[in-house]
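In: next one to model:
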Amino acid sequence: MIAGLPLAIAAGALLMLGGVLLVARLLPAQVDLAEALGRLTPSQRTDLAATAEAATSGKERLGVWAIRVLPPGIWVRTPTRELALLRISLAKFYGDKLTFAAIGLVAPPLLGLFFDVLGIGLPVIVPAFASVVLAAVMFLMPNYNAIDDAKRARVEFARALGAYIDLVALERHNGSGVRQAMESAAEVADSWVFRRLSEELGRSRWSGLPPWDALHALAEELGLPELEDFADIMRLSGEEGAAVYGNLRARSAAMRTAMLNAEVAQANAVGERMTIPGSLLGVIFMALLVAPSLLRMFNGT
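Out: Reported below is the predicted structural model:
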């Protein structure tokens, strides 16, 4: 019985996994036309080949294989903006998803074998069903991690962007040009936000693109509305020669106020949740005080 249990569990899990992959393959895929056309372009094929050559870890190589072989609809939803903000490649992301799913698929059969060794027999269907469910949950875990990490990264980006806007305003107030002010301010700090801004501004210089257009494209790619507003202000300064010192200082002050209000609201919400355990302890304490009197009253003593 012990020798046949792992084989039966593995066979059931693989059978169910094969059924899931077959259904995912037969379902009509929601094809993104832009993405499909992009895959047919030579530049996209070159990027995929470059990614395959640059892949160093096993997860990245697994992700490259998955991009080439598996249907696009199997990934459910890819948080593209979040991955771009965190600078996580699609190959690594897909490799993480497949690795997590494999762990979820293998863990229940091993746990079932451990219970069987201890003499606690489990029906074969239980580890098989648990393997599929856990594999599905673990398959979606990298999505949750990317969204959660990107949420914190956007807060950090907004906080650093407020300081960057103040630096740009000071550079403009001292008579620097628009591009010079933006590039000089980006070189002041060494955080990842300032490095990202400096890289985009450097690329725009070599490509001949206006710096505000480069930051506008970056804001759309990463989903950063604060950076988009800043790019619009700098466009007015660069194209129309408008004085933007006051606008920049007002924008940075508004961002700091909004972040402060959000932090105060979050602190108030945490404080309100903390009152619930205290209230419950008070109710329990009052019940302990009143219980003896109520028991004597009901017993007639």
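In: in the stretch 51-200 of the chain, where is pLDDT below threshold?
Out: Where the stretch 51-200 of the chain drops to pLDDT under 70, the residues are 51-57, 121-122.
In: repeat that for 80
Out: 51-59, 72-73, 76, 111-129 (pLDDT under 80).
In: which stretches of this protein form helices?
Out: Ranges of helices within the chain are 4-26, 33-40, 42-54, 58-69, 80-86, 90-117, 125-173, 178-186, 192-207, 211-222, 225-240, 245-299, based on DSSP state H.
In: most tightly surrounded among those helices?
Out: Burial of these is given as mean neighbour count (mean count of other Cβ atoms under 10 Å); helix 178-186 ranks first at a mean of 21. Backbone N, C-alpha and C define where each C-beta goes, glycine included.
In: which residues touch it?
Out: The contact list for helix 178-186 (Cβ atoms under 8 Å, 6 or more residues apart in numbering) reads 164, 167-168, 170-172, 176, 194, 197-198, 201-202, 205, 211-212, 215, 234, 237-238.
In: burial check on the residue lying closest to Asn143 once chain neighbours are set aside, number of neighbours?
Out: Leaving aside its chain neighbours, Asn143 sits nearest to Pro79 (6.0 Å; criterion: Cβ to Cβ, 6 or more residues apart in numbering). By the measure other Cβ atoms under 10 Å, the count of residues near Pro79 is 19.
In: how about the contacts made by Pro79?
Out: Contacts of Pro79 (Cβ under 8 Å, 6+ apart): Asn143, Ala146, Ile147, Ala150.
In: got TSV for those, with distance to Ala185 too?
Out: Shown next, in TSV, are these (distance: Cβ to Cβ, whole Å):
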residue	distance to Ala185
Asn143	35
Ala146	29
Ile147	30
Ala150	24
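In: closest to Met274 out of those?
Out: Ile147 (26.6 Å; Cβ to Cβ).
In: isn't that closest one up against Arg81?
Out: No. Assessed by Cβ atoms under 8 Å, Ile147 is found out of contact with Arg81, at 9.7 Å.
In: if we can go back for a sec, quickly name whichever of the contacts of Pro79 is closest to Gly223.
Out: Nearest member of these to Gly223, counting by Cβ to Cβ, is Ala150, at 8.3 Å.
In: so how far is Glu82 from that closest one?
Out: 4 Å (Cβ to Cβ, to the nearest Å).
In: quick one: end-to-end length of stretch 217-231, please.
Out: Length of stretch 217-231, first residue to last, Cα to Cα, to the nearest Å: 9 Å.
In: which residues are contacting it?
Out: 81, 84-85, 154, 157-158, 161, 165, 196, 200, 212-213, 215-216, 248, 251, 255.
In: tell me the contacts of Ala163?
Out: Here Ala163 is in contact with Ala189, Ser252 (Cβ under 8 Å, 6+ apart).
In: what does Phe100 give?
Out: Taking Cβ under 8 Å, 6+ apart, one finds Met138, Phe139, Met141, Pro142 in contact with Phe100.
In: and of these, the nearest to Pro292?
Out: Distances from Pro292 to the contacts of Phe100, taken by Cβ to Cβ, are shortest for Met141, at 51.4 Å.
In: nearest spatial neighbour of the closest one, chain-adjacent residues omitted?
Out: Closest to Met141 by Cβ to Cβ, 6+ apart is Phe100, at 5.2 Å.
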